[in-house]
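Chemist: Mind folding the following:
(2 chains)
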Amino acid sequence: MTLADALTLPHGSRVVLARVSAGERLAAWVDNLDGTWTAPLTHAAEGYRVEGLEVDGVALDLEAWSWDAGAGTVTADEDAIGGDPREACVVAEVAFYWSNRPREVDGIVYDPRLEAVPSLSLRVEERFGELGQVGTGRILVANGDALFDRLAGLVWREAGLILEKDV
Amino acid sequence: MSKLRLFWDFKSDAATVTASGAAANYPAANVAHPHLARPWKTEASSADEWIKFDLGAAASIAAFAVLSHDLTAGDSALYLEGNASDAWGAPSLSRSVTYRAGALVEFFSPATYRWWRFRFTKATAGAVRSLGRVVLGPYYELARNVGRSGFRLGLDDPSAVLRSDGGQVWADELPLARTLAWVARGAPQAQLDAVEACYRGVGQTRPFLTSIDHDTKPVDWLVYGTAEERLVSEYRGYNGAHLWDVGLRVREAF
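Modeler: Here you go, the predicted structure:
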């Protein structure tokens, strides 16, 4: 059955995928004495992915840093940082991937933490005829294991949320 | 026919778990997570696979289960092994595990070892196998079993269904969940104590295993689920003996 066929049916499985991003200020840098520095991720056990690194608000190239998921560390190139990272504000962009049903999409495992399909309204400006701004919405994330309590140390300012729909 | 068995004290959940290898995003430690949808997946480089548990100290083990697996009848040499040390040339316990689609379950005489390992050989080296949950621990078998009408098995569809005025159905499909309700009447005090110990261990939050009759229906009558309501036992004093009607309601967990 093709997707087009599936869409004609009155029954289906509504799957919503969410990417929630935040920042983690990195500290306790260790000089590897090979032109790179390594810092531990304080919340590495909480199941996020590190997808970016910013130094004093400027994003580094992907080649300038690496993330070791097993060790829970980030290693960055000293030249790219512009010197000693202990004298800069280095923030890792961390992303959580959640869904309302277990899914793996493009090699990313989505933790089924969304309690239900989120509601979201989009405002359409009549005079322009296009989607205007996001209105109100409600997304419920299961916190029975107190995940968010443990994540209080993350930088949530300028955090992002992307919702996608899958079948 | 065997009596109903409760398997809840998963010693393996607190163990250090390692494996022959793991696919990206699916580490061996996933088998200790209650969600079946978070499995350990093997790599696709070798036919021989194993997953190993270091319990930290010797513990008495009498039950073993692999849930939500996709092993096939073509896979071979399924063995559960136990040993006092992390050496597997000739482990003290080596028990053949019977292949069954859906779930592998073994009950056996208690054996006390610190190290445990489940190994198997895939039909082909390039195949990937997924194991949702692997558990080891003791179990309790009812002294006074459920009667002939002592348990009810159900299947619930929690799908969200909307109907138009015309009666047409529009549905968001959800997985079907098995339900189980059982009661054993006139059970001795020791049985009540054991069921209470189970309930105290799992509450209504932690999934555990109930095997209604392992000899007759090892998989069809096996439920991995959480208790659905409070545990209330009814006293049945008889000729000076303290007897109880005791039972549980369980809903399948995923």
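Chemist: Give me the spatial nearest neighbour of the residue of chain A found nearest chain B, chain neighbours excluded.
Modeler: Of chain A, the residue with the smallest distance to chain B, taken as CB to the nearest CB, is A:Pro102 at 3.5 Å. The way it works is simple: take the backbone N, C-alpha and C, and place the C-beta from them, glycine included. Counting by CB to CB, 6 or more residues apart in numbering or on different chains, the nearest residue to A:Pro102 once its immediate chain neighbours are dropped is B:Ala37, at 3.5 Å.
Chemist: Tell me which helix or strand the one you found sits in.
Modeler: In this structure, B:Ala37 sits in neither a helix nor a strand according to DSSP states H and E.
Chemist: Which residues are in contact with it?
Modeler: Under the criterion of CB atoms under 8 Å, 6 or more residues apart in numbering or on different chains, the contact list for B:Ala37 reads A:102, A:112, B:68, B:132, B:254.
Chemist: With B:Leu78 instead?
Modeler: B:71, B:96-99, B:104, B:118-120.
Chemist: Pull out the buried members of those.
Modeler: When neighbours are counted using 16 or more other CB atoms under 10 Å in any protein chain shown, the contacts of B:Leu78 contain these buried positions: B:71, B:97, B:104, B:118-120.
Chemist: With pLDDT as added columns, please give the residues you listed in JSON lines.
Modeler: Below are these laid out as JSON lines (pLDDT from 0 to 100):
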{"residue": "B:Leu71", "pLDDT": "97"}
{"residue": "B:Val97", "pLDDT": "97"}
{"residue": "B:Leu104", "pLDDT": "97"}
{"residue": "B:Phe118", "pLDDT": "98"}
{"residue": "B:Arg119", "pLDDT": "98"}
{"residue": "B:Phe120", "pLDDT": "98"}
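Chemist: want to try CSV for those residues, with distance to A:Glu46 and secondary structure as columns?
Modeler: Formatted as CSV, those follow (distance: CB to CB, whole Å; DSSP: H, G, I helix; E, B strand; the rest coil):
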residue, distance to A:Glu46, secondary structure
B:Leu71, 31, coil
B:Val97, 35, coil
B:Leu104, 32, strand
B:Phe118, 29, strand
B:Arg119, 32, strand
B:Phe120, 32, strand
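Chemist: quick revisit: does the residue of chain A closest to chain B really touch A:Pro112, like I thought?
Modeler: Yes - under the criterion of CB atoms under 8 Å, A:Pro102 makes contact with A:Pro112 at 4.9 Å.
Chemist: any common contacting residues for those two?
Modeler: Here A:Pro102 and A:Pro112 have B:35, B:37 as joint contacts, going by CB under 8 Å, 6+ apart.
Chemist: residues in contact with the closest residue to B:Ala73 other than its chain neighbours?
Modeler: For B:Ala73, ignoring the flanking residues on the chain, the nearest one in space by CB to CB, 6+ apart is B:Tyr99 at 6.0 Å. If you count contacts by CB under 8 Å, 6+ apart, B:Tyr99 has them with B:71, B:73, B:75, B:78.
Chemist: Name the SS class of B:Tyr99, please.
Modeler: Classification of B:Tyr99 by DSSP: H, G, I helix; E, B strand; the rest coil places it in coil.
Chemist: Find the nearest non-adjacent residue to B:Leu67, please.
Modeler: The spatially closest residue to B:Leu67, leaving aside those adjacent along the chain, is B:Arg133, at 4.1 Å (CB to CB, 6+ apart).
Chemist: I meant to write B:Thr210 there.
Modeler: Leaving aside its chain neighbours, B:Thr210 sits nearest to B:Val223 (4.9 Å; criterion: CB to CB, 6+ apart).
Chemist: returning to what we had before: neighbours around the residue nearest to B:Leu67, how many?
Modeler: 28 (other CB atoms under 10 Å in any protein chain shown).
Chemist: Can you list the buried residues in the helix or strand hosting it?
Modeler: Element membership of B:Arg133, judged by DSSP H and E, is strand B:130-137. By neighbour count on 16+ other CB under 10 Å, the buried set for strand B:130-137 is B:131-137.
Chemist: Pull out the buried positions in the host helix or strand of B:Pro110.
Modeler: Counting by DSSP H and E, the element that carries B:Pro110 is strand B:103-121. If you call a residue buried by 16+ other CB under 10 Å, then strand B:103-121 has these buried ones: B:103-107, B:111, B:113-121.
Chemist: Name the residues of the stretch 1-150 of chain B found near chain A, please.
Modeler: By CB under 8 Å from any CB of the partner chain, the part of the stretch 1-150 of chain B that sits against chain A consists of B:24-26, B:35, B:37-38.
Chemist: try it again with 6 Å
Modeler: If contacts are counted using CB under 6 Å from any CB of the partner chain, the residues of the stretch 1-150 of chain B sitting beside chain A are B:25, B:37.
Chemist: Looking at the stretch 1-150 of chain B, what residue ends up closest to chain A?
Modeler: When you check the stretch 1-150 of chain B against chain A by CB to the nearest CB, the closest residue turns out to be B:Ala37, at 3.5 Å.
Chemist: For that residue, give me phi and psi.
Modeler: According to degrees, to the nearest 10, the main-chain angles of B:Ala37 amount to phi -80, psi 0.
Chemist: Look at it and report its pLDDT.
Modeler: B:Ala37 carries a pLDDT score of 93 in this model.
Chemist: go on, the one 10 residues further on?
Modeler: In the predicted model, B:Ala47 carries a pLDDT score of 97.
Chemist: got the contact list for it?
Modeler: For B:Ala47, the contact set (CB atoms under 6 Å, 6 or more residues apart in numbering or on different chains) comprises B:121-122, B:125.
Chemist: Where strands are concerned, which of the contacts of B:Ala37 count?
Modeler: Within these, residues falling in strands by DSSP state E are B:68, B:132.
Chemist: so which pair among the contacts of B:Ala37 is furthest apart in space?
Modeler: In those, two members sit farther apart than any others by CB to CB. They are A:Pro112 and B:Ser68, at 14.2 Å.
Chemist: Which strands and helices lie in contact with the strand holding B:Pro110?
Modeler: Counting contacts by 3 or more CB pairs under 6 Å, 6 or more residues apart in numbering or on different chains; DSSP states H and E, the secondary-structure elements packed against strand B:103-121 are strand B:48-69, strand B:76-83.
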